[in-house]
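Participant: Need coordinates for the following:
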Amino acid sequence: MGHEQDVRATGLVKYLFGSNNMIERAGIDAVKSLLENDGIACLIRNENLSMAAGELPIQDCLPEIWILNDDDYPRAHEMVEAWRNAPIETHEQWLCPECGENIEGQFTSCWKCGRERRT
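Facilitator: Numbering: from 1, shown residues only. All right, here's what the predicted structure looks like:
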């Protein structure tokens, strides 16, 4: 039995966050990093079950984040809510001053020559 299974067997883990579809996997990883950077121990369940979708119900295959210490749950919940409600920063398309390439706003450097966007 691995560490993750040992922890689950003790009943100490608490569900915090799950994705609604397979595409949201990046969100799961972002939340896990956010929590771990704040010292909150967590794990991702169903991490590799996407291939089983169809054989198993899809809701059983979606990744979920579980908190390992119940005392951390309130703080973790607040952090996830703040992350979910954070404004999305958007930028206008910009013209690279080095090579003249049009670059989409979300990029901070030119894909063609590597020049950083000036702010």
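Participant: mind giving me the domain ranges of this structure?
Facilitator: With domains defined by automatic domain parsing, the chain comprises 3-85, 89-119.
Participant: Confidence-wise, which of these is weakest overall?
Facilitator: Between those, the one with the least mean pLDDT is domain 3-85; it has a mean of 75.
Participant: Other residues contacting stretch 31-39?
Facilitator: 16-17, 42, 44, 65, 67, 75-76, 79-80, 83 (CB atoms under 8 Å, 6 or more residues apart in numbering). Any C-beta I mention is one placed from the backbone N, CA and C, and that applies to glycine too.
Participant: Sort out which residues of it are buried, please.
Facilitator: Buried residues in stretch 31-39, counted by 16 or more other CB atoms under 10 Å: 31-32, 34-35.
Participant: Put the alpha carbons of it into PDB.
Facilitator: Extracted C-alpha coordinates of stretch 31-39, given in PDB (Å, rounded to 0.1, in the frame of the first residue of the first chain):
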ATOM      1  CA  VAL A  31      -4.600  24.700  -7.500                       C
ATOM      2  CA  LYS A  32      -2.300  22.000  -6.200                       C
ATOM      3  CA  SER A  33       0.700  24.200  -6.700                       C
ATOM      4  CA  LEU A  34      -1.100  27.100  -5.100                       C
ATOM      5  CA  LEU A  35      -1.900  25.000  -2.000                       C
ATOM      6  CA  GLU A  36       1.500  23.400  -1.800                       C
ATOM      7  CA  ASN A  37       3.300  26.800  -2.100                       C
ATOM      8  CA  ASP A  38       1.300  27.800   1.000                       C
ATOM      9  CA  GLY A  39       2.300  24.700   2.900                       C
END
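Participant: The nearest residue to residue 104 once chain neighbours are set aside - how many residues pack around it?
Facilitator: Spatial nearest neighbour of residue 104, chain neighbours left out: residue 93 (5.8 Å); criterion: CB to CB, 6 or more residues apart in numbering. Neighbour count of residue 93, defined by other CB atoms under 10 Å: 10.
Participant: For residue 93, which residues are in contact?
Facilitator: So residue 93 contacts 102-105 (CB under 8 Å, 6+ apart).
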